[in-house]
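Q: Have a look at this fold, sequence not included:
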C-alpha cells in the first residue's frame, strides 16, 4: 500500500539528523575499526558510535566494506592525488621534490587517525582480498608511480645516482610508514623515545643519502 509506514530500520530521508552525515559515520567507523578490528566490527557498533540508527547508516553505506572504501578515499587517496599534482607541477631540483614528497607522506602516515587505517591494512586486509586489492591499487600503486617518476627524473638530471627506481619507490614509503607506526603505537613504551621531528629527519637523511649523487670536486663544500 502506498501509505504503508517505512520499515523501522529505514527512516525516511527527511528524518536525517545532522549526526547522520557521511563524514561523521566515517569518523565513528574509524574509531570502531581501530578498537575492534575490521573483522569484529559491526554496523550496529558504528551506528551507535555515530549516534544514529542502523537504518539511517544504510542510507549512506550498505556494508562495512563500502565504509572502508570511502574512508580510504577520503583519508588516503586525496593525499595520493596531491602527490600526483605535486609531481606534475613541480619546478626546481628533484632533491627538493623528494623532500616535499617525504614531508607530505610523513604528515599523512604519522597522523594518528590515518595511522589507524594503515595498521588495519597491515593487520587484517590479507583476509579481505578485494579490499586489499582496492587499497593496493588506489594508494600503494599510485603513490609508487609518483616516487618512481621523481627518482627516474632525478637520475636523468644527474642529481641522483643510478639507483633502481622501482626498489627505491618501495623502500621510501616503507621507511616512513613503519617509523610512523612505531611513533604512533609504541612510542610510549620506548625507554628512550625520539620526538617525531627527529625521527623524520633521520629517515629523510637515510633516503637522501641513499639516492643523491656524490658531489664533484668543484661542488664540495
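A: Yep, it's here. Because the structure is predicted, anything quoted here is derived from the model rather than measured.
Q: In terms of pLDDT, where does residue 49 sit?
A: With respect to pLDDT, residue 49 scores 93.
Q: Surely it and residue 31 touch.
A: Yes: between residue 49 and residue 31 there is a contact at 5.9 Å, judged by CB atoms under 8 Å. C-beta here means a position set from N, CA and C on the backbone, and glycine is covered the same way.
Q: ok, residue 86 - contacts?
A: Shown in contact with residue 86 (CB atoms under 8 Å, 6 or more residues apart in numbering): 97, 100-101, 104, 146.
Q: show me the contacts for the closest residue to residue 166 other than its chain neighbours.
A: Counting by CB to CB, 6 or more residues apart in numbering, the nearest residue to residue 166 once its immediate chain neighbours are dropped is residue 148, at 6.2 Å. By CB under 8 Å, 6+ apart, residue 148 lies in contact with 165-166, 168-169.
Q: Which residue, neighbours along the chain excluded, lies closest to the residue nearest the centre of the chain?
A: Nearest residue to the geometric centre of the chain (CA atoms, centre = their mean): residue 76, 3.8 Å. Distances taken as CB to CB, 6+ apart put residue 139 closest to residue 76, at 5.0 Å, once the chain neighbours are dropped.
Q: burial count for the one you found?
A: For residue 139, the count of nearby residues is 22 (other CB atoms under 10 Å).
Q: ok so, going back, which of the contacts of residue 148 sits closest to residue 134?
A: For these, the closest approach to residue 134 (CB to CB) belongs to residue 169, at 20.1 Å.
Q: now for the helix or strand containing that closest one, which elements pack on it?
A: Per DSSP states H and E, residue 169 falls inside helix 165-185. Counting by 3 or more CB pairs under 8 Å, 6 or more residues apart in numbering; DSSP states H and E, the packing neighbours recorded for helix 165-185 are helix 94-109, helix 112-124, helix 142-156, helix 196-211.
Q: ok, residue 23 - contacts?
A: Residues in contact with residue 23 (CB under 8 Å, 6+ apart) are residue 74.
Q: Could you list the low-confidence segments of this structure?
A: Judged by pLDDT under 70, the chain has its weakly predicted residues at 1-20, 216-221.
Q: Now residue 191: phi and psi?
A: Per-residue torsions, residue 191: phi -70, psi -20 (degrees, to the nearest 10).
Q: actually residue 160, sorry about that
A: phi -110, psi 150.
Q: mind checking how far it is from residue 88?
A: 19 Å (CB to CB, to the nearest Å).
Q: Looking at the two, which one has more neighbours?
A: Taking neighbours as other CB under 10 Å, residue 160 and residue 88 compare with residue 160 leading, 23 against 9.
Q: what about the more buried one, distance to residue 40?
A: Distance, residue 160 to residue 40, by CB to CB: 45 Å.
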